[in-house]
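Trainee: Here's my sequence, what's the structure:
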Amino acid sequence: MGIRPALWIILIVLSFEAGATDLIVSAAASLTAALNEAKPVFESTHPGIRLYYNFAASGTLARQIDAGAPADVFISASSQSMDQLQTHHRILDGTRINLLSNEMVLIAPKGEGVRLKGFEDLPRAARIAVGNPGFVPAGQYANQILVHLGLLESLRPKLVYGQDVRQVLEYVVRKEVDAGIVFATDAALLPDKVERIARAPAGSHQPILYPVAILVGTRNPEQSRTFLDFLGSMQGRMLFEKHGFDWALK
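Mentor: Okay, the predicted model is just below:
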């Protein structure tokens, strides 16, 4: 007796999925929304590749990769974390590109609490959320801003540290702090929950770049290159710009 057509379809799908390549992408937490939207778009046009994300602070991810954690592609929210891996010969030569840029903003819980008009009002706040500068790029940029403004030492007792920029945002959303310093793209995620107060002053921090590279340990260099090509395509650019990122790729 022959196999029914429906069963043929199931067998073909299972066979096809069994031959698919799994790509592990370690990416900065601030890219969560954009990359989650990119996943079905990429997989629908590249059915032989499946994406798996590992989101965390860039410094945390760099340490994981340095320690041998499996990953094919790394997308960082700071040049420093990528520099670390490049110095340790963890990225494939010639694959590193600066993909995106961003900006830092001051935010507060929507519609209540201490009324702030700018960074100069931060001394009025009782608690201020920032990323841990030890491994969170947003925290490193926040530190640079506060140093530039001469506020870091006086505000240090008021600082509440997040494990990544998304945790900083959550502190503000839950009104556990009076203010937070985050990427502009994170502030834009919850406009009904947080109020954007001000942009960081020009020249107050290092340029914010998001470098991406293929890792030396990948078993899938061709598929990783395909994913990088997608990120750098016009389709990728439109998706990232939709989420508020600026395009850095020249």
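Trainee: Show me which parts of stretch 98-114 are buried, residue by residue.
Mentor: 98-100, 102-110, 113 (16 or more other CB atoms under 10 Å). C-beta: built from backbone N, CA, C; applies to glycine.
Trainee: mind checking which helix or strand Glu241 is in?
Mentor: Assigned by DSSP states H and E, Glu241 belongs to helix 234-242.
Trainee: rewinding a little: could you list which of the buried residues of stretch 98-114 belong to strands?
Mentor: Among the buried residues of stretch 98-114, DSSP state E puts 98-100, 104-109 in strands.
Trainee: Now do the helix or strand that the helix holding Glu241 is followed by: which elements does it pack against?
Mentor: Next along the chain after helix 234-242, taking DSSP H and E as the criterion, comes strand 246-247. Under the contact definition 3 or more CB pairs under 8 Å, 6 or more residues apart in numbering; DSSP states H and E, strand 246-247 sits against strand 97-101, helix 234-242.
Trainee: of these, which approaches Glu153 most closely?
Mentor: strand 97-101 (29.2 Å; CB to CB).
Trainee: What count of nearby residues applies to the residue nearest to Gly203 when sequence neighbours are not counted?
Mentor: Sequence neighbours aside, His148 is the residue nearest to Gly203 in space, at 7.5 Å (criterion: CB to CB, 6 or more residues apart in numbering). Residues near His148, counting by other CB atoms under 10 Å, number 15.
Trainee: Ala202 is in contact with His148, correct?
Mentor: No: using CB atoms under 8 Å, His148 is not in contact with Ala202; the gap is 10.2 Å.
Trainee: For the buried residues of stretch 98-114, name the two members farthest from one another.
Mentor: Among the buried residues of stretch 98-114, Asn98 and Gly113 lie farthest apart (CB to CB), at 36.8 Å.
Trainee: If we go by neighbour counts, what in stretch 242-250 is buried?
Mentor: Neighbour count says stretch 242-250 has 243-245, 248-249 buried, by 16+ other CB under 10 Å.
Trainee: What is the nearest of the residues you listed to Val73?
Mentor: The closest of the buried residues of stretch 242-250, once distances to Val73 are taken by CB to CB, is Leu249, at 15.3 Å.
Trainee: Check that closest one and give its pLDDT.
Mentor: With respect to pLDDT, Leu249 has a value of 86.
Trainee: my guess is it is in a strand, correct?
Mentor: No: read with DSSP: H, G, I helix; E, B strand; the rest coil, Leu249 is coil and lies in no strand.
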